[in-house]
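Chemist: Quick one, structure for this:
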Amino acid sequence: MNSTSATPAVAVITRTKDRPLMLARALDSVAGQTFRDLAWVIVNDGGEPGAVDSIAEQGRQRGLSTTVNHHQPSRGMEAASNAGIRASDSEFIVIHDDDDTWEPDFLASCVRFLIAFPHYAGVVTQSTKVEEEVFPESIKILALSPFNPNLLSIYLHEMAQENTFPPISFLYRRSVIDTVGLYAEKLPVLGDWDFNLRFLEQYDIGVIPKALANYHHRRKLADADSHYGNSLYAGQSLHIEYDAIIRNRLLRRDLALGKVGLGWLVGMGRQHLALRRLDNTVQRLVRLGSRFGLDRLLRRF
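Modeler: Numbers count the residues shown, from 1 in each chain. Purely as a prediction, here's the structure:
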């Protein structure tokens, strides 16, 4: 499967900023792949360059074609993704953030899938949620659990509710960029969801029902000033703000064009998401009531 072409099959784009512990772990993840026809492109988005250059050199010593792009000052996550894409050449692209990891067969399985099924423009695997805590010199794994074990197909209407998979689990054909465009650099968060919506407007995404990607979470660092925090938690207020901005922008586009399109779909998706969350809350309350015998009390009325 590994090609001898001068152009690698896969460009692995890693965005990082002052997180050498995680970047070193990302190196282990990329270097540990059974599929080796790849280029590792690190985009240092405003962080100290010395540690990044050192880890990049370790990557070269381990046989990886490794390049580094330094941004001073920071340009944002999606600008970092785009810089990595522009700085590389490949048939396939994947975003491997510095805090996430792969199982050794992730790339081999995904590339094999897209070669076997050319009607799919991308493929995702199921993921494992990794709860962890960061210490000055180490990272401690606290718990592992399935993140999306029921993910068997990718539906546009479900993506219109919320993002159904993390970037670490998504390999796609570079050629789609010509149609869907690059990542939206004005979005400080939810850029992957915005990209996935545009992607699914045009193309289908396949699923490998194996947990070959690891999606790492650190709730204890829900602090925007911490370099080691998750954007999912540290930027929670921004997620709420930009969820509305993206949905409103798409709906305005439909209204201006006088059509029912993606804007209406994400609007309805928001309603379905709210109803689903309400239903989940009610079910939790019912289970809690059952534990304390409140269900028997309510039946009297």
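
Chemist: in stretch 183-190, what's buried?
Modeler: Judged by neighbour count (16 or more other C-beta atoms under 10 Å), stretch 183-190 contains these buried residues: 183-185, 187, 189-190. To be clear about C-beta, it is placed using only N, CA and C from the backbone, and glycine gets the same treatment.

Chemist: My error: substitute stretch 148-162 in the last question.
Modeler: Buried residues in stretch 148-162 (16+ other C-beta under 10 Å): 148, 151, 154, 156, 158-161.

Chemist: how far away is A116 from V123?
Modeler: Applying C-beta to C-beta, to the nearest Å, the value for A116 to V123 is 10 Å.

Chemist: Then S138?
Modeler: Taken as C-beta to C-beta, the span from S138 to V123 is 33 Å.

Chemist: Mind checking which of the two has more residues around it?
Modeler: V123 (24 against 8; other C-beta atoms under 10 Å).

Chemist: Give the other helices and strands that whatever helix or strand that one lives in contacts.
Modeler: Element membership of V123, judged by DSSP states H and E, is strand 122-135. If you count contacts as 3 or more C-beta pairs under 8 Å, 6 or more residues apart in numbering; DSSP states H and E, strand 122-135 packs onto helix 106-116, strand 138-146, strand 170-173, strand 205-217.

Chemist: Ignoring the adjacent residues along the chain, who's closest to the most centrally placed residue in the chain?
Modeler: Of all residues in the chain, the one closest to the mean position by C-alpha atoms, centre = their mean is P167, 2.1 Å from it. Of all residues beyond its chain neighbours, the one nearest P167 is I95 (4.1 Å), with distances taken as C-beta to C-beta, 6 or more residues apart in numbering.

Chemist: So what sits opposite the one you found in the bridge?
Modeler: I95 has these beta-bridge partners by DSSP bridges: I13.

Chemist: dump the residue contacts of it.
Modeler: 13-15, 81, 167-168, 170, 192 (C-beta atoms under 8 Å, 6 or more residues apart in numbering).

Chemist: Same question for Y172.
Modeler: Contacts of Y172 by C-beta under 8 Å, 6+ apart are 92-94, 121-123, 199, 205.

Chemist: try it again with 10 Å
Modeler: Y172 makes contacts with 92-95, 110, 114, 120-124, 180, 195-196, 199, 203, 205, as judged by C-beta atoms under 10 Å, 6 or more residues apart in numbering.

Chemist: The closest residue to F92 other than its chain neighbours: neighbouring residues, count only.
Modeler: Excluding the flanking residues, the one nearest F92 by C-beta to C-beta, 6+ apart is V10, at 4.7 Å. Residue neighbour count, defined by other C-beta under 10 Å, stands at 23 for V10.

Chemist: and stretch 41-59, which residues are buried?
Modeler: In stretch 41-59, counting by 16+ other C-beta under 10 Å, buried: 41-47, 51-52, 55-56, 58-59.

Chemist: In helices, which of these fall?
Modeler: Residues of the buried residues of stretch 41-59 located in helices (DSSP state H): 51-52, 55-56, 58-59.
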